[in-house]
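Q: Model the structure of this input:
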Amino acid sequence: MGVEFIHRVIRTSLVLAVLGFLFVTVYYNFKFGGGILAGAIWGCLNILFLTRLITEIFSPGTEIRKGKVILIAVVKFPLLYAAGFLLLKIAYFPPVSLVIGFSLLFLVMFLKAMGRWILSLDSKEKKNPAPTNQVGGHKTGGN
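A: Below you'll find the predicted structure:
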């Protein structure tokens, strides 16, 4: 699993958040559905900036571009967290809906990781290893 896993999780989370927004808006209320969508978008931006920051700092074989690292850090930490604070402070969306939307990212990440583990998509070994000519530690057949 690498950076592409994070990007797939973000895409899936946003699609699920839009579907949840539509469903909750139709069957419950707009503010709650909007809160789920806003929380999911905030969480996805948070993990996206965190991923970019980590890959920019720890990429092997490339030199650290300090300007880009500072820009990502300035956008992620003060601006993104201020936006999260304002989402809670304006009290337009119910806090529970924001938490549900934010938690959606972690649910998708967990389920995708479990799916990859169950299906053995990340194993380096072949599913059907070649048979050996050994029985009980002794070679059979041949010289």
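
Q: What helices and strands are in contact with the longest helix seen in the chain?
A: What stands out as the longest helix in the chain, according to DSSP state H, is helix 30-58. Other elements packing on helix 30-58 under the criterion 3 or more Cβ pairs under 8 Å, 6 or more residues apart in numbering; DSSP states H and E are helix 3-27, helix 66-74, helix 81-89, helix 95-118. (Each C-beta comes from the backbone N, C-alpha and C, glycine too.)

Q: Name all residues that make contact with Gln34.
A: Residue 34: Gly, not Gln. Contacts were defined as Cβ atoms under 8 Å, 6 or more residues apart in numbering; by that measure Gly34 touches Phe21, Thr25, Tyr92, Phe93, Ser97.

Q: any chance of the helices and strands packed on helix 30-58 in CSV, plus mean neighbour count?
A: Output for the helices and strands packed on helix 30-58, formatted as CSV (neighbours: other Cβ atoms under 10 Å):
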stretch, mean neighbour count
helix 3-27, 16
helix 66-74, 13
helix 81-89, 13
helix 95-118, 16
